[in-house]
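J.: Let me see the structure of the following:
(chains A and B)
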Number of protein chains: 2
Amino acid sequence: MLRSISRYLDAPSSGLLVAAPQDDAAVWRGDPIVVATTDTMVEEIDFRVEWPGFDFRTLGRRLMAINLSDLAAMGAQPRHALVSLSLRGTLPAVDVTRLYRGIAEQAHRYGCTVVGGDLSGTLGPLTLTATLVGRLGSARAMLRRVGARPGWVIAVTGRLGAATAGLRLLESGARPASREERAWVSAQLDPTPRIAAGRALVDSGIRVGGDISDGLSREVERFVENAGLGATIDVQRLPLASGLHKKQWPLAVTDSEDFELICAAPRARMRIAQRALARINLPLTVVGEIDRRSGIRYRNGTRLERVKTAGYEHFR
Amino acid sequence: MLRSISRYLDAPSSGLLVAAPQDDAAVWRGDPIVVATTDTMVEEIDFRVEWPGFDFRTLGRRLMAINLSDLAAMGAQPRHALVSLSLRGTLPAVDVTRLYRGIAEQAHRYGCTVVGGDLSGTLGPLTLTATLVGRLGSARAMLRRVGARPGWVIAVTGRLGAATAGLRLLESGARPASREERAWVSAQLDPTPRIAAGRALVDSGIRVGGDISDGLSREVERFVENAGLGATIDVQRLPLASGLHKKQWPLAVTDSEDFELICAAPRARMRIAQRALARINLPLTVVGEIDRRSGIRYRNGTRLERVKTAGYEHFR
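T.: Residues are numbered from 1 along each chain as shown, chains lettered A, B, ... in the order given. As a prediction, this is how the structure comes out:
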């Protein structure tokens, strides 16, 4: 089995000197500023093989996507990936192969080599971990959660809420019936990491940002909570995914399934970033503003609304 | 919970610019030649919390040790670690804290900073993954599995068989009764990664080596199998751990629990390496020789012996 997956590892080249598990570890020529992240998906918590339309190749792509999104959230360029899979011995070899194919194709799509990995047996749920290593052009040019100032505007990439709507549909057991429902399910199962957008934000001079994989609301909290600041979100400006009703806006702020980027900057700087993202056909929509009063407020016309939860953290 | 573990993450400094999960990813100043590895431990496969004397702090140290051993096996110097833990929600917070303490203390012992991680819930076995990033002084000075030549001698660090003897004792449910039995159990639960030895081997000019975490026999196979070569192991020269009878030599070659290093080199070069390892008080014992006839033979005096299995690979 290990030999059969080794063909999904990238061959050593001038950049990659050695690919594991050919040796005990992978070896490559390093970059001056390195960015690294690790993220895990656990069966029955993050996905179910019983979902209608579930597919191991898409699962492999998603494992890469959630990790690539963390690199995007720093404005980094992906370089190398290591994957560690804990699989039941009863899993058909064809599923393992499809899983690796999805991992490899997603890595390559974003310019990343798969340099090594580990395959373990488990008696329990499938547990898939990837570690991604990327690079930044400079130690100063990156997106961080610190540094937001009162009066700065907050903007998000893409459209919101589709992934959560897709998750609800999958959990209901219903097959998607319309083009919109298929798009929601696809947003959940096969999200797009915003690598190019993250780099474009950094290149536009944006320095405060992250992804909203723990929920837009939670991410805005992180921007402000240690600075004694707050924020107001204008719910009418939230760019909801196609097919969602405007009353469903809480899907866009509390749930944790979209892998869009969020950032904060002075208004003029944000306009520069909007033009940069327009060039890669991605909307960057201003949805709120940092202010001096602590807490996150949701303004709907003249009313202030309340939302129940504030994003998702395991073991919070 | 995530906040409580964040104190086990190393603070940003000039080398480490950002530690995750403070941001979406960790950022550090890179090295010219990078080595990276990932390895997972799964409950009920690699360990049991029911073992007599089981302790989460030691488990954390072992997670680091098995990954550090892969860096040692390349002759690399550890630099940064990312850990991804999938834990049951019912696991007491004190156990999680002890696990992280063990991870952090083992990392620091070998000069490694813990830069980030991920904590997930699971409904199944505890699944612990670490990814370690290290450095090499040069792209040429490392230990690899390729390059062994006929006539070269094979040598191993330390003593063999204790970890497997310890595993058998743990699985029997018996508490260790003697000093030797305690040492066996300790070799299993709390192995020592041979970081200094790996670097000393490389500095001595050794270029073929690895660790024997998949079994000595399997590792020697890897040295020879793609070159059409073979090897002969002299079982009387195997440096058995204290308390093991010489008849128990198969423990030293087939099982996968020792984290010693093995290497191959011309005899004169090996003598230089032996002197270098003597300076760090670690024996490097010649146990066999590479030869032109394919396959691995075990010579016991004038007899050739057979062993049942040839090491351990998940999903082999």
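
J.: Model confidence for the residue of the stretch 51-200 of chain A at minimum distance from chain B, exactly?
T.: Here the residue of the stretch 51-200 of chain A nearest chain B is A:Gly124; by Cβ to the nearest Cβ that distance is 2.4 Å. For the C-beta atoms, the positions are set from N, CA and C on the backbone; glycine is no exception. The per-residue pLDDT reported for A:Gly124 equals 96.

J.: Where do the strands of chain A begin and end?
T.: Along chain A, the stretches classed as strands by DSSP state E are A:16-18, A:26-29, A:33-42, A:77-87, A:113-121, A:127-136, A:153-157, A:208-211, A:230-234, A:261-265, A:284-291, A:295-300, A:303-305.

J.: So which residues make contact with the last one?
T.: The reference is to strand A:303-305. A:Val235, A:Arg297, A:Tyr298, A:Arg299 (Cβ atoms under 8 Å, 6 or more residues apart in numbering or on different chains).

J.: Please apply the same query to the second one.
T.: Contact with strand A:26-29 is made by A:14-20, A:79-80, A:82, A:113, A:115-116, B:32-37, B:74, B:136, B:139, B:142, as judged by Cβ under 8 Å, 6+ apart.

J.: Which strands border it, and is each parallel or antiparallel?
T.: Here strand A:26-29 is paired, per DSSP bridges, with strand A:16-18 (antiparallel), strand B:33-42 (antiparallel).

J.: The fifth one now?
T.: Strand A:113-121 sits in its sheet next to strand A:77-87 (parallel), going by DSSP bridges.

J.: Let me have the strands paired with strand A:26-29 in TSV, extended by distance to A:Leu91, mean neighbour count and mean pLDDT.
T.: Formatted as TSV, those follow (distance: least, Cβ to Cβ, whole Å; neighbours: other Cβ atoms under 10 Å in any protein chain shown; pLDDT from 0 to 100):
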stretch	distance to A:Leu91	mean neighbour count	mean pLDDT
strand A:16-18	28	21	87
strand B:33-42	14	26	96
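
J.: Would you reformat those strands as TSV and include distance to B:Ala174?
T.: Shown next, in TSV, are the strands paired with strand A:26-29 (distance: least, Cβ to Cβ, whole Å):
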stretch	distance to B:Ala174
strand A:16-18	43
strand B:33-42	23
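
J.: Ok, which of those comes nearest A:Leu87?
T.: A:Leu87 sits nearest to strand B:33-42 of all the strands paired with strand A:26-29, at 10.0 Å, using Cβ to Cβ.

J.: so how many other residues sit close to A:Ala187?
T.: When neighbours are defined as other Cβ atoms under 10 Å in any protein chain shown, A:Ala187 has 24 of them.

J.: For burial, what's the neighbour tally of the closest residue to it other than its chain neighbours?
T.: Leaving aside its sequence neighbours, A:Ala187 sits nearest to A:Ala162 (Cβ to Cβ, 6 or more residues apart in numbering or on different chains; 3.8 Å). A:Ala162 sits with 27 neighbouring residues when counted by other Cβ under 10 Å.

J.: Settle this for me: A:Ala162 is touching A:Ala241, isn't it.
T.: Yes. A:Ala162 lies in contact with A:Ala241 (Cβ atoms under 8 Å); the separation is 3.5 Å.
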